[in-house]
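Asker: I would like to see how this sequence folds:
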Amino acid sequence: MAYQDIYAGWKSDPEGFWMAAAERIDWDRAPSRAFFDQGPAGEWFADALVNTCWNAVDRHVEAGRGDQLAIIHDSPITRSYRGITYLELRDRVASLAGALRAKGVQKGDRVIIYMPMVPEALEAMLACARLGAIHSVVFGGFAAHELAVRIDDATPKAIIAASCGLEPGRVVHYKPLLDRAIEQAAHKPDFCVILQREQEVASLTEGRDVAWHSFQYGVEPAECVPVEGNHPAYILYTSGTTGQPKGVVRHTAGHLVALNWSMKNIYDIEAGEVFWAASDVGWVVGHSYICYAPLIAGATTIVFEGKPVGTPDAGTFWRVIQNHKVKSFFTAPTAIRAVKREDPEGKLIGDYNLRSLKTLYLAGERADPDTIQWAEDHLGVPVIDHWWQTETGWAIAANPVGIELLPVRKGSPTRAMPGYDVQVLDEAGHPVPPGTLGAIAIRLPLPPGTLPTLWNAEERFRKSYLAHFPGYYETGDAGYVDEDGYLYIMARTDDVINVAGHRLSTGAMEEVLASHPAVAECAVIGVADSLKGQMPLGFLCLKKGVETSPEQVVGEVVRMVRDQIGPVAAFKSACVVERLPKTRSGKILRATMAKIADGEEYRMPATIDDPAILDEIAAALAGLARG
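Answerer: Predicted structure coming up:
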């Protein structure tokens, strides 16, 4: 069947479509129906009983494929790689789950995972799923304050961490960050499990910390615990929040069904084939397409501990694809831009045999046409931009290569996937004509695998996503749909910027800047960056009579953002200005400031309080550029 037929089939009978997709999952108790009109936005397969770990690991062993590689760990930083078969993975996960169970972890308990890109990170996630515990992975190396906020929100019974992470040329000390976070947090975990890496052996806190290997010694392996279809599989906090965090919840059954459907239909991956998502387990891509989806589908997944350039050069992606016979490769446009900057002629690509590679997928930020063209020219395979969010867990719009390769239109993530009725609305919530820019929204209900709510924050879920356009999920993105149904994502409609594929809140950064004793007022905008897509830029208004030099204040706030949000924010620049441009009602004109910073034409806002301030902002930016 063609894409159009499958999409039309879903639209005419969504219940039948998803019940058919559910037949590819092993159920302890099959669902009586697909959609349940309950909770703030509905739930999927709620009356089923099922276990994610069984579907991702054990069933492949039972099917006779225990000797197939489940995970390949490739670490150019340590110059090593190793493979773990499905049989080995089952035994390792059952052992860790048994040890957690022996320490009291059970269904519904939360476990925070704070790990680098090692197979043990996936094992920790799967061990939680095996027990019905709810994991929350926090990006390894996140600042102690951010980790503390998540500890207080998730209230974990246990934390699983590593002694360190590795970056090119340096060791990132995880254990001191973990210790400081627990010290700051009001909630204290019962115990912490620490994976000691040979690059750094951390000191353990007596009575609280246990070492990964000794922790599991002599324990009884745990069997899979069936959970209800609407039991939370995990909580994933959206990045960049320094206030009350936004914990996206993923229900178990819908997650299984949707991810399994996506592997064949979007990524064209069957059992036994090799899939590589070059992301991190701390992000939603790592959850969906490093850990769960490839394993649910019975494929081989790659856990990569490296960078697109510098480990050791811009050919590392192509080496991994060659050595492990990768069929489908998924990364962020910023990674391809980094490779392109280092190797503009693509000469390193010629050093490797890439015959296994059939498709390159890009997501996490808008894929600019130049980057897509460069990759197409040098790799000779389709380059597929697709669009989704932490909240959705899988693609809203994509080119469904496993069904049919639709014509690629550069700048568009192609068309909506089954389950997503995507509409472009005006401010009043009315659909706009094709080609007209508007707010992108999805008609409810959302499909399986998407967020049903936020952790401990149902009212915030309603307010953030459902209230603005009744009957719709508000994506927070703006764009348009053309006459052929191709979607174009043009901008965020809120104050979230996208730095190298990571969505970061400028408001969170402003909160840090405003806490400096010399700062009276501030604003952070995203400015265009050829490598990372966007970079944050701060504007500071200093308090009158401050004796600290502007240069010193800028240096201090840069360090503060790094300490409180983390290096992922990439906050390196700020300038001191006398005042900020505002509307008469006091709203800071961030979008106009961003246009000035990017050298774009802009219209003078009708509600601006003092137009002369824009000239002052332009002068400050010019001074920053000269400096």
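Asker: all contacts plus neighbour counts: C-alpha atoms, from now on.
Answerer: Fine.
Asker: The longest helix along the chain - contacts with which helices or strands?
Answerer: As assigned by DSSP state H, the longest helix anywhere in the chain is helix 86-102. Where contact means 3 or more Cα pairs under 8 Å, 6 or more residues apart in numbering; DSSP states H and E, helix 86-102 is packed against helix 59-62, strand 69-75, helix 119-131, helix 212-216.
Asker: Just the strands from the stretch 451-600 of the chain, written as ranges.
Answerer: Assigned by DSSP state E, counting those that start in this stretch, the strands in the stretch 451-600 of the chain fall at 472-481, 487-492, 496-499, 502-505, 519-529, 533-542, 573-576.
Asker: Sketch out the low-pLDDT regions of the stretch 451-600 of the chain for me.
Answerer: Counting by pLDDT under 70, the low-confidence segments of the stretch 451-600 of the chain come to 491-496, 503, 505, 583-587.
Asker: actually the stretch 201-350 of the chain, sorry about that
Answerer: For the stretch 201-350 of the chain, residues meeting the criterion pLDDT under 70 lie at 239-244.
Asker: Tell me which residues touch residue 573, please.
Answerer: For residue 573, the contacting residues are 536, 537, 538, 554, 558, by Cα atoms under 8 Å, 6 or more residues apart in numbering.
Asker: Just give me the neighbour total for the nearest residue to the first one once chain neighbours are set aside.
Answerer: If the residues on either side of it in the chain are set aside, residue 536 comes closest to residue 526, at 4.6 Å by Cα to Cα, 6 or more residues apart in numbering. The criterion is other Cα atoms under 10 Å. On that basis, residue 526 has 26 neighbouring residues.
Asker: all helices for the stretch 301-450 of the chain, in order.
Answerer: For the stretch 301-450 of the chain, helices defined by DSSP state H, counting those that start in this stretch occupy the ranges 316-324, 333-342, 369-379.
Asker: now stretch 52-70, how far from the centre of its chain.
Answerer: Stretch 52-70 has its C-alpha centroid displaced from the chain centroid by 26 Å (Cα atoms, centre = their mean, to the nearest Å).
Asker: let me fix that: stretch 372-383
Answerer: For stretch 372-383, the separation from the chain centroid amounts to 24 Å (computed by Cα atoms, centre = their mean).
Asker: which residues in the stretch 101-250 of the chain form strands?
Answerer: Applying DSSP E, counting those that start in this stretch to the stretch 101-250 of the chain gives strands spanning 110-114, 134-137, 158-162, 164-167, 170-173, 191-195, 209-211, 227-228, 232-237, 247-251.
Asker: what would these look like in JSON lines with mean neighbour count and distance to residue 610?
Answerer: Shown next, in JSON lines, are the strands of the stretch 101-250 of the chain (neighbours: other Cα atoms under 10 Å; distance: least, Cα to Cα, whole Å):
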{"stretch": "strand 110-114", "mean neighbour count": "27", "distance to residue 610": "48"}
{"stretch": "strand 134-137", "mean neighbour count": "27", "distance to residue 610": "46"}
{"stretch": "strand 158-162", "mean neighbour count": "26", "distance to residue 610": "52"}
{"stretch": "strand 164-167", "mean neighbour count": "21", "distance to residue 610": "47"}
{"stretch": "strand 170-173", "mean neighbour count": "14", "distance to residue 610": "47"}
{"stretch": "strand 191-195", "mean neighbour count": "22", "distance to residue 610": "55"}
{"stretch": "strand 209-211", "mean neighbour count": "18", "distance to residue 610": "58"}
{"stretch": "strand 227-228", "mean neighbour count": "23", "distance to residue 610": "58"}
{"stretch": "strand 232-237", "mean neighbour count": "25", "distance to residue 610": "39"}
{"stretch": "strand 247-251", "mean neighbour count": "25", "distance to residue 610": "39"}
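Asker: Out of the ones you listed, flag the one nearest residue 600.
Answerer: Each of those has some distance to residue 600 by Cα to Cα; the shortest is strand 232-237, at 33.6 Å.
Asker: How about residues contacting the closest one?
Answerer: Residues outside strand 232-237 that contact it (Cα under 8 Å, 6+ apart): 108, 129, 132-138, 150, 245-252, 283-284, 390, 455.
Asker: Then stretch 216-227?
Answerer: With Cα under 8 Å, 6+ apart, stretch 216-227 has contacts from 28, 49-51, 53-54, 91, 94-99, 101-102, 107, 130-132, 252.
Asker: Using a markdown table, please lay out the strands of the stretch 101-250 of the chain together with distance to residue 84.
Answerer: Below are those laid out as a markdown table (distance: least, Cα to Cα, whole Å):
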| stretch | distance to residue 84 |
| --- | --- |
| strand 110-114 | 20 |
| strand 134-137 | 21 |
| strand 158-162 | 19 |
| strand 164-167 | 21 |
| strand 170-173 | 25 |
| strand 191-195 | 17 |
| strand 209-211 | 21 |
| strand 227-228 | 27 |
| strand 232-237 | 24 |
| strand 247-251 | 27 |
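Asker: Out of those strands, which is closest to residue 570?
Answerer: Closest approach to residue 570 among the strands of the stretch 101-250 of the chain is made by strand 164-167 (15.4 Å; Cα to Cα).
Asker: which helices and strands does that closest one pack with?
Answerer: Using 3+ Cα pairs under 8 Å, 6+ apart, strand 164-167 sits against strand 170-173, helix 174-184.
Asker: try 6 Å this time
Answerer: In terms of contacts (3 or more Cα pairs under 6 Å, 6 or more residues apart in numbering; DSSP states H and E), strand 164-167 is packed against strand 170-173.
Asker: Can I get the strand it packs on in PDB? Just the C-alpha atoms.
Answerer: Output of strand 170-173 as PDB, limited to C-alpha atoms (Å, rounded to 0.1, in the frame of the first residue of the first chain):
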ATOM      1  CA  ARG A 170      39.000  15.400  29.200                       C
ATOM      2  CA  VAL A 171      37.100  13.500  31.900                       C
ATOM      3  CA  VAL A 172      33.800  14.800  33.100                       C
ATOM      4  CA  HIS A 173      33.500  14.100  36.800                       C
END
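Asker: average pLDDT across that strand?
Answerer: Strand 170-173 shows a mean pLDDT of 93.
Asker: Pull up the pairing partners for that strand, direction included.
Answerer: Take DSSP bridges as the rule and strand 170-173 pairs in its sheet with strand 164-167 (antiparallel).
Asker: how close does the nearest residue to residue 56 once chain neighbours are set aside get to residue 250?
Answerer: Excluding the flanking residues, the one nearest residue 56 by Cα to Cα, 6+ apart is residue 296, at 4.0 Å. As judged by Cα to Cα, to the nearest Å, residue 296 and residue 250 stand 16 Å apart.
Asker: In contact with the closest residue to residue 265 other than its chain neighbours, which residues?
Answerer: Spatially, and ignoring its direct neighbours in sequence, residue 265 is nearest to residue 402 (4.1 Å; Cα to Cα, 6+ apart). Contacts for residue 402 (Cα atoms under 6 Å, 6 or more residues apart in numbering) come out as 264, 265, 266, 268.
Asker: Likewise for residue 25?
Answerer: Counting by Cα under 6 Å, 6+ apart, residue 25 makes contact with nothing.
Asker: What helix or strand is it located in?
Answerer: Per DSSP states H and E, residue 25 falls between elements, in no helix or strand.
Asker: Distance of it relative to residue 252?
Answerer: For residue 25, the distance to residue 252 - Cα to Cα - is 12 Å.
Asker: Quick check: phi and psi at the residue of the chain most remote from its centre.
Answerer: When distances are taken from the C-alpha mean of the chain, residue 545 lies farthest, 43.3 Å away, according to Cα atoms, centre = their mean. With angles defined as degrees, to the nearest 10, residue 545 sits at phi 80, psi 0.
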